[in-house]
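K.L.:
Could you work out the structure for the sequence below:
(2 chains)
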Amino acid sequence: MAQPKLEFLTAEEVESIHLTSLKILEETGVIFPVKEALGVFHERGAKVNHETGLVKIPPDIVEEAIAKVPPQVTLFARDPKYDVPVQKDTVTFGTIGNATHVLDLETGERRRATNRDLADITRVIDACQNILHLEPQVTPQDVPKEASYQYSWATTLKNTVKHVRLSAHGKDGVQDGIKMGSAIAGGQQALKTKPFISFMALIPSPLAHDPTVCEGFMEAARLGFPIWFESGPVAGASAPVTLAGALALNNAEVLSGIVLAQLVRPGTPVIYGSFLRIMDMRTGNVSISSPEFCIFRPCIASLARYYKMPSWAGVMLNDAKIIDCQAGYEKALSALMSALGGVNLLCGMQLDNEHIVSAEDMVVNDEIVGAVLRILRGFDVNKETLALEVIDEIGPRGVFLRSRHTMDHYRRELWSPSITERSTWTEWKAKGEPDMWKVARERTKKILKTHEREPLSHQVASELDAIARQAAKRLVKT
Amino acid sequence: MKRNFEAKILKDLTLAVENYDSQAVESICNTAIAQNLDPVQGIEEGLAKGMEEVSRKFEAEEIFLPELIVAGEAMKKGIRILEPHLEASRKERKNIGKVVMGTVAGDVHDLGKQIVSLLFFIAGFEIQDLGINVPAERFVEAVRKLQPDMLGLSALMTTTIPQQKHVIDALRSHHLREKVVVMVGGAATDEEWAEEIGADGWAPNAVLAVKEAKALMRRE
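P.N.:
Residues are numbered from 1 along each chain as shown, chains lettered A, B, ... in the order given. Got it, this is the predicted structure:
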């Protein structure tokens, strides 16, 4: 059978969103508060206001840039076993960064994240079989704040062999990240051949780039590293409340970044992405796990497919504060809809509106992703799986568990949960009535005790630390 | 007769705000000025009364933020028309406090601050918005010149929240810290941080920021 697909947009609707975005770029324009960027646009013939930084990009420049984006990208990993080649139908899961708090593994209480927490969380993710790429999930609050990116990169790179996404935080920041990667790879050339790091470029909505990030992604493009683009308009606040308008605005913003990256260096590998979400109109709080959030994801995938670009989106994010029923439904809905929608790289896994991360929540996420990937795989219909002969052989009142056919097929046909409760009431009672949070907590402690990875050499590890310390020296104002 | 006419204008202004109708607010305000209505009366007994009713509905969760804010924008439009005539009437418009707001240096995030500013305005504060990426010196300068009751410092990112501390430190070194109440906010901030850097107030979102600001004003 075909991979199941969920589409909200018809081909004509995708086209009309695209055309609206082109109009936004051409008529409203986008602010690029970076001189160099204005120079690049000016040279290519866009309408540039050098005072305000507003750039109006004609459609031909946009279309030309879109055509230059490589349709596939590989997220290399320090251990090639975890390389993620991103093709048309790829669906994989990963994490996002920058939460400030954790739920303490022992007490379950919310507290500020430390560098040690980041190391632990990263090791747990490293052990999760369904989470394949990551961003430093928390920003440690016990390191110099101005250089918190560099410290969190060092800690993350030391604790996982999977692909790590860094933030395009300024020209210097990108260079720091590449220095760290080069130290691990044994030189920048080796890193460039198989980059196990990439950069995230976040475009603030509506329609105005952040100068630091803009400089950062221009540098990443220049040096040839993959760039994940996103904007995260909040429908009703920084974007129209109508889902179609929010998508058109989001699309224009993301394209504006992609165009600049392609102008800086044609053929720069980019990933088309979105963090599109809504505002809760009662409280004014941003919600990152609404039904509308779920609807947006397949639409983002449709747009990326239309442009023949790899896609990513924020997903499995929670408004829920702890690992409870709300968290479960929010994760499952957004993960399933995004996977069925065909978003290639699904990143998230944070609680409390991106403020909190919990190590044991990763184990829960890993479980849910396992179930979602099982659904996505669908099933085969052929002579062997239709099993006519087996049915005939076992016949009325027979037991199929006795059949060799069951033994041969069950592992592929049926997903086996890892922490999902499927025992009887009596058995569950005997175990002490654990809820999923508790089960995940025990599993997490076990991972932290037993999960070993080949560590970076002492010398490389201290090189990463030194890069972070130097950044702090440069950035912390006295 | 004149009194009846005035009463009708005031009632229409109230209703226009209650109906979220900024066009009506605009035309009634222009009529009011043409008829020499006291602008202070127009604001306080007309526009503000409508806003009170809208705020009541918001508190009661009969309406949500979009209605509240559109009504606030309508009131703002009316005030903008009436205000230039205030001096002629030699009266001052009442406000519950003057607030200077800005996003700190290195941070270009505007959304949260804009929403907070609007809600503050709706609640009756006078607002001066310094914009985004505002260096500490400009905050100090604004506190000295404008003498606000409160300073609001917005920052979204872990890398930029140290700037909130810089601003507070700068106020201290210029002997201005005691002259102004300081509130901080933004996604990467929390109550603990506010306390650590010596801010007077903090809130997790725009609606609660208004409550906190009002409480701080009462304490002053």
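K.L.:
What are the neighbouring residues in contact with the residue nearest to the spatial centre of chain B?
P.N.:
For chain B, the residue nearest the mean C-alpha position is residue B:121 (2.6 Å; Cα atoms, centre = their mean). Going by Cβ atoms under 8 Å, 6 or more residues apart in numbering or on different chains, residue B:121 touches B:72, B:76, B:127. Just so you know, the C-beta spots here come from the backbone N, C-alpha and C atoms, and that holds for glycine as well.
K.L.:
I'd guess it is in a helix, am I close?
P.N.:
Yes: read with DSSP: H, G, I helix; E, B strand; the rest coil, residue B:121 is one of the residues of a helix.
K.L.:
picking up where we left off before, select from the contacts of residue B:121 the one having the most neighbours.
P.N.:
residue B:72 (22 neighbours; other Cβ atoms under 10 Å in any protein chain shown).
K.L.:
Please report the distance of that residue from residue B:206.
P.N.:
Distance of residue B:72 to residue B:206, computed by Cβ to Cβ, to the nearest Å: 12 Å.
K.L.:
OK, contacts around residue A:355?
P.N.:
Taking Cβ under 8 Å, 6+ apart as the test, what residue A:355 contacts is A:99-101, B:187.
K.L.:
and with 6 Å instead?
P.N.:
By Cβ atoms under 6 Å, 6 or more residues apart in numbering or on different chains, the contact set of residue A:355 is A:99-101.
K.L.:
How about residue A:293?
P.N.:
By Cβ under 6 Å, 6+ apart, the neighbours of residue A:293 are residue A:277.
K.L.:
SS state for it?
P.N.:
helix.
K.L.:
Name the residues of stretch A:332-349 that come out as buried.
P.N.:
For stretch A:332-349, the neighbour count (16 or more other Cβ atoms under 10 Å in any protein chain shown) marks A:333-349 as buried.
K.L.:
whoops, stretch A:285-302 was the one
P.N.:
Buried, per 16+ other Cβ under 10 Å, within stretch A:285-302: A:285-290, A:292-302.
K.L.:
now do stretch B:188-203
P.N.:
B:188-190, B:193-194, B:197, B:199-203.
K.L.:
Determine which two of these are furthest apart.
P.N.:
Greatest spatial distance in those: B:188 and B:200, 19.0 Å, computed using Cβ to Cβ.
K.L.:
C-alpha coordinates for the longest helix seen in chain A, PDB please?
P.N.:
With secondary structure taken from DSSP state H, chain A has its longest helix at helix A:243-264. Provided in PDB are the C-alpha atoms of helix A:243-264 (Å, rounded to 0.1, in the frame of the first residue of the first chain):
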ATOM      1  CA  LEU A 243      -5.200  30.000   8.700                       C
ATOM      2  CA  ALA A 244      -4.800  30.700   5.000                       C
ATOM      3  CA  GLY A 245      -3.400  34.200   5.600                       C
ATOM      4  CA  ALA A 246      -1.100  33.000   8.300                       C
ATOM      5  CA  LEU A 247       0.300  30.300   6.000                       C
ATOM      6  CA  ALA A 248       0.800  32.900   3.200                       C
ATOM      7  CA  LEU A 249       2.700  35.200   5.600                       C
ATOM      8  CA  ASN A 250       4.700  32.400   7.100                       C
ATOM      9  CA  ASN A 251       5.600  31.200   3.600                       C
ATOM     10  CA  ALA A 252       6.700  34.700   2.500                       C
ATOM     11  CA  GLU A 253       9.000  35.000   5.500                       C
ATOM     12  CA  VAL A 254      10.600  31.600   5.100                       C
ATOM     13  CA  LEU A 255      11.100  32.200   1.300                       C
ATOM     14  CA  SER A 256      12.700  35.600   2.000                       C
ATOM     15  CA  GLY A 257      15.400  33.900   4.100                       C
ATOM     16  CA  ILE A 258      15.800  31.100   1.600                       C
ATOM     17  CA  VAL A 259      16.200  33.600  -1.300                       C
ATOM     18  CA  LEU A 260      19.000  35.500   0.600                       C
ATOM     19  CA  ALA A 261      20.800  32.200   1.300                       C
ATOM     20  CA  GLN A 262      20.700  31.300  -2.300                       C
ATOM     21  CA  LEU A 263      21.900  34.700  -3.400                       C
ATOM     22  CA  VAL A 264      24.800  34.400  -1.000                       C
END
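K.L.:
Tell me the residue of chain B that sits nearest chain A?
P.N.:
residue B:64 (3.8 Å; Cβ to the nearest Cβ).
K.L.:
Grab the nearest non-local neighbour of that residue.
P.N.:
Distances taken as Cβ to Cβ, 6 or more residues apart in numbering or on different chains place residue A:281 nearest to residue B:64, at 3.8 Å, with adjacent residues excluded.
K.L.:
got a list of what the one you found touches?
P.N.:
So, once contact is read as Cβ under 6 Å, 6+ apart, residue A:281 ends up touching B:64-66.
K.L.:
Can you pull the phi/psi pair for the residue in chain A that chain B sits nearest to?
P.N.:
Proximity of chain A to chain B (Cβ to the nearest Cβ) peaks at residue A:281, 3.8 Å away. Here is the backbone geometry of residue A:281 (degrees, to the nearest 10): phi -70, psi -20.
K.L.:
Also the one 4 residues further on?
P.N.:
Listed backbone geometry of residue A:285 is phi -80, psi 150, with angles given as degrees, to the nearest 10.
K.L.:
wait, it sits on residue B:205?
P.N.:
Yes: counting by Cβ atoms under 6 Å, residue A:285 sits close enough to residue B:205 to count as a contact (5.2 Å).
K.L.:
Residue A:154 is in what secondary structure piece?
P.N.:
Assessed by DSSP states H and E, residue A:154 sits inside helix A:148-159.
K.L.:
ok, then the element right after that helix?
P.N.:
strand A:163-167.
K.L.:
Give me the contact list for that following strand.
P.N.:
A:75, A:77, A:133-135, A:149, A:153, A:156-157, A:177, A:196-200.
K.L.:
can you tell me how far the nearest residue to residue B:209 once chain neighbours are set aside sits from residue A:418?
P.N.:
When the adjacent residues along the chain are set aside, residue B:209 lies closest to residue B:203, with 3.9 Å between them (Cβ to Cβ, 6+ apart). For residue B:203, the distance to residue A:418 equals 41 Å [Cβ to Cβ].
K.L.:
Also residue A:143?
P.N.:
33 Å.
K.L.:
okay, the two: which has more neighbours?
P.N.:
residue A:143 (22 against 15).
K.L.:
All the strands of the stretch 251-400 of chain A, in order from the start?
P.N.:
Using DSSP state E, counting those that start in this stretch, the strands assigned to the stretch 251-400 of chain A run over residues A:270-274, A:277-279, A:286-287, A:311-317, A:345-350, A:356-357.
K.L.:
any idea of the angle the fourth one forms with strand A:345-350?
P.N.:
Spelled out, that is strand A:311-317. Calculated by axes from the mean of the first three to the mean of the last three Cα atoms, to 10 degrees, strand A:311-317 forms an angle of 20 degrees with strand A:345-350.
K.L.:
touching chain B at all, strand A:311-317?
P.N.:
No: if you take Cβ under 6 Å from any Cβ of the partner chain as the test, strand A:311-317 misses chain B, and the best it gets is 13.7 Å.
K.L.:
what's that strand packed up against?
P.N.:
strand A:270-274, helix A:291-307, helix A:325-341, strand A:345-350 (3 or more Cβ pairs under 6 Å, 6 or more residues apart in numbering or on different chains; DSSP states H and E).
K.L.:
distance of the spatially most central residue of chain A from residue A:158?
P.N.:
With distances taken as Cα atoms, centre = their mean, the residue of chain A nearest its centroid is residue A:347 (2.3 Å). In this view, residue A:347 and residue A:158 are 21 Å apart by Cβ to Cβ.
K.L.:
Could you do residue B:56 as well?
P.N.:
56 Å.
K.L.:
With residue A:53 instead?
P.N.:
Residue A:53 is 38 Å from residue A:158, by Cβ to Cβ.
K.L.:
what subset of the contacts of residue A:355 is also close to chain B?
P.N.:
residue A:100.
K.L.:
Thank you kindly, that will do.
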